[in-house]
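Visitor: Provide a 3D model corresponding to the input given below.
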Amino acid sequence: MSSVTSVSQLSDVRPTDWAFQALQSLVERYGCIAGYPDKTYRGNRAMTRYEFAAGLNACMDRVNELIAAATNDMASKQDLATLQKLQEDFAAELAQLRGQVDAVEAKVATIEKQQFSTTTKLKGEVIFAVSGLLGGTDVAGTNRQAVRTGSPDATTDPIDDNTIFSNRARLNFDSSFTGKDRLRVRLQARNTPSFGGASGTNMARLGFDGDGGNNVEVSKLFYRFPVGKNLKFQVDAFAASFHNGLITPVTPFKSSGSGSTFRFGRFTPNIRPGAAEGAGLQARYKFNQQFALELGYLVDDDSNSPVDKAGIFDGNNKFIAQIVAKPVKNLTVAATYGRAYYQGGDVNVTGSMGSNFARRPFGSGTATRTNEFAGQLSYKLSKQLEVGGWYGVQLADQVIGSQDATVTNWMAWVAAKDFGKKGSRLGLQFGMPPKVTSVGGGLARAGRDDDTSYHLEATYKYNLNKKIAITPGLAVIFNPEHNSNNDTIFVGTIRTTFKF
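Guide: Residues are numbered from 1 along each chain as shown. Modelled structure (predicted):
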């Protein structure tokens, strides 16, 4: 008889045989079964006692070999003694570790039993900021507020250059019912005054300002949900904004808590709703990894004038359509079209940025509409260094009348990531705040900004850890209000942001 290593070598053994599995195990696992020279097993043949003894002996020898091989890898008596000594030496530490594990398990059980919600997560952000404003001086040594072209000199209206300490606290309650949707309710309290009033120009505004007297209010409410794989919608009940919705600002400085410390430095004014933020509907369709279409329509749910209306179609509103593309690696571009309507009592074409002429080209009491165009670009030169910018044009005209005006803005920026420490970022920005560059239809020349303002900004977001970041920022506004008769304004702030 000859030994076999696979049951398939036995020509008369079939998988349907009642002892096939037992025979397969003895052949392939233990290798102690032999066949006849003609490669048959003859399983139905009667065997002699000698044959039984020979087969049993071969299997026992194989089993003894396997046991001996396994024993060589087992721990010796000396090893067991060493382990016992280590256990005795570290008995206190092991007991402490067991206690810590028990405590963690108890806390986990309590959290699971008393958790806030099975569907809602609480996220928070708190800002503490120290800010200051400084302008030029007149012959009497008084800091002067900026005034627009054609206005009387404001020597009797001094800048309030006192240093202020302010705060903003936000609590976001994010609920999900399918794992892919989000219902957000935001509570907010803040007391950061605008430097626009103190300086006489909106060009000096901080990126996180807003003074509610630290009263807690519901500041945002929206529901975002997908429809299919590539389409996403967002419905805003109030306090809607494009940049916090589905319209993408192509810049790393967009966040008021971790981006630019100044309003104009955050993103292009073309994607900021000019009037008070109300209800809205937004959508994003992602064609593929390179192209996406974004749409948004926001309305004003409030009115500053008793003669103005508030509603989906009758009140102030703005529509945006934007294509975001990544045509090549590291490059992101966006092309934006917007159309807005502002009633006579609440005109704010630029979202409270730029000059007063740019904000209200025809005055505060004239209903205004705009057609707007903007381009944005971002290019990553490396993992750490990114450059980009934007250019925007707003073509404004009177709803009743023939006057028109062109409002232009632009910005160039550089962002150095992981500068000094991982997660930190150095930012440099230089641009022109919204400016009335041309007028027509009989609009007086006094409605045009004759000179040019420039916004120079430097920020450095330094991460103390994953939850705390300190961001010093300095902005220099040359020729405020696009008026070379105004002195340069300096605005500095140190923003500390806590996230949890």
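Visitor: Let me see the ranges of the helices in the chain.
Guide: Listed in chain order, the helices of the chain (DSSP state H) span 20-25, 49-72, 77-89, 91-114, 195-199, 263-266, 356-359.
Visitor: pLDDT below threshold where in this structure?
Guide: Applying pLDDT under 70 to the chain flags the ranges 1-3, 69-76, 79, 111-118, 136-143, 152-158, 160-161, 275-277, 301-313, 442-447.
Visitor: could the helices of the chain be laid out in a markdown table, adding distance to residue 334 and mean neighbour count?
Guide: In this view, the C-beta of every residue, glycine as well, is placed from N, C-alpha and C. Listed next are those as a markdown table, based on distance: least, Cβ to Cβ, whole Å; neighbours: other Cβ atoms under 10 Å:
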| stretch | distance to residue 334 | mean neighbour count |
| --- | --- | --- |
| helix 20-25 | 66 | 14 |
| helix 49-72 | 67 | 11 |
| helix 77-89 | 63 | 10 |
| helix 91-114 | 42 | 10 |
| helix 195-199 | 28 | 22 |
| helix 263-266 | 15 | 26 |
| helix 356-359 | 22 | 25 |
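Visitor: Dump those helices into JSON lines; add distance to residue 336 as well.
Guide: JSON lines is the format used below for these (distance: least, Cβ to Cβ, whole Å):
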{"stretch": "helix 20-25", "distance to residue 336": "71"}
{"stretch": "helix 49-72", "distance to residue 336": "72"}
{"stretch": "helix 77-89", "distance to residue 336": "68"}
{"stretch": "helix 91-114", "distance to residue 336": "45"}
{"stretch": "helix 195-199", "distance to residue 336": "25"}
{"stretch": "helix 263-266", "distance to residue 336": "15"}
{"stretch": "helix 356-359", "distance to residue 336": "18"}
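Visitor: Enumerate every residue touching residue 325.
Guide: By Cβ atoms under 8 Å, 6 or more residues apart in numbering, the contact set of residue 325 is 290, 291, 292, 332, 333, 334.
Visitor: and the last one, what does it touch?
Guide: Neighbour list for residue 334: 248, 250, 322, 323, 324, 325, 374, 375, 376, 377 [criterion: Cβ under 8 Å, 6+ apart].
Visitor: How about the first one: what's its closest non-neighbour residue?
Guide: Residue nearest to residue 248 in three dimensions, not counting chain neighbours: residue 324, with 5.2 Å by Cβ to Cβ, 6 or more residues apart in numbering.
Visitor: could you check the distance from that neighbour over to residue 247?
Guide: 9 Å (Cβ to Cβ, to the nearest Å).
Visitor: overlap in contacts of the two?
Guide: With Cβ under 8 Å, 6+ apart as the test, residue 324 and residue 247 both reach residue 294.
Visitor: So for the two, which residue has more residues nearby?
Guide: residue 247 (26 against 20; other Cβ atoms under 10 Å).
Visitor: isn't that one right next to residue 293, touching?
Guide: No. The pair residue 247 / residue 293 is not scored as a contact, 10.9 Å apart, by Cβ atoms under 8 Å.
Visitor: Now for these two: what residues contact both?
Guide: In contact with both residue 247 and residue 293: residue 322, using Cβ under 8 Å, 6+ apart.
Visitor: Just flag the most distant two among the contacts of residue 334.
Guide: 325 and 374 (14.3 Å; Cβ to Cβ).
Visitor: Residue 434 reaches residue 356, doesn't it?
Guide: No. Between residue 434 and residue 356 there is no contact under Cβ under 8 Å: 10.3 Å.
Visitor: Is the residue nearest to residue 248 in contact with residue 249, as I believe?
Guide: No. Using Cβ under 8 Å, residue 324 is not in contact with residue 249; the gap is 10.2 Å.
Visitor: all strands for the stretch 401-500 of the chain, in order.
Guide: Ranges of strands in the stretch 401-500 of the chain, per DSSP state E, counting those that start in this stretch, are 404-417, 425-440, 454-463, 468-478, 489-499.
Visitor: Could you point out which of the ones you listed sits nearest residue 208?
Guide: Among the strands of the stretch 401-500 of the chain, strand 489-499 sits nearest to residue 208 (Cβ to Cβ), with 7.1 Å.
Visitor: ok, residue 237 touching residue 298?
Guide: No. With contact defined as Cβ under 8 Å, residue 237 does not reach residue 298; the gap is 11.9 Å.
Visitor: ok, the two, which is more surrounded?
Guide: The residue with more neighbours, out of residue 237 and residue 298, is residue 298; 26 against 15, by other Cβ under 10 Å.
Visitor: now the more buried one: how far from residue 370?
Guide: With Cβ to Cβ as the criterion, residue 298 and residue 370 are 14 Å apart.
Visitor: Likewise for residue 31?
Guide: Residue 31 is 88 Å from residue 370, by Cβ to Cβ.
Visitor: Between those two, which is the more surrounded one?
Guide: residue 370 (22 against 16).
Visitor: pretty sure that one is in contact with residue 349, am I right?
Guide: Yes. Assessed by Cβ under 8 Å, residue 370 is found in contact with residue 349 at 5.8 Å.
Visitor: Overlap in contacts, those two.
Guide: Common contacts of residue 370 and residue 349 (Cβ under 8 Å, 6+ apart): 340, 342, 394, 396, 407.
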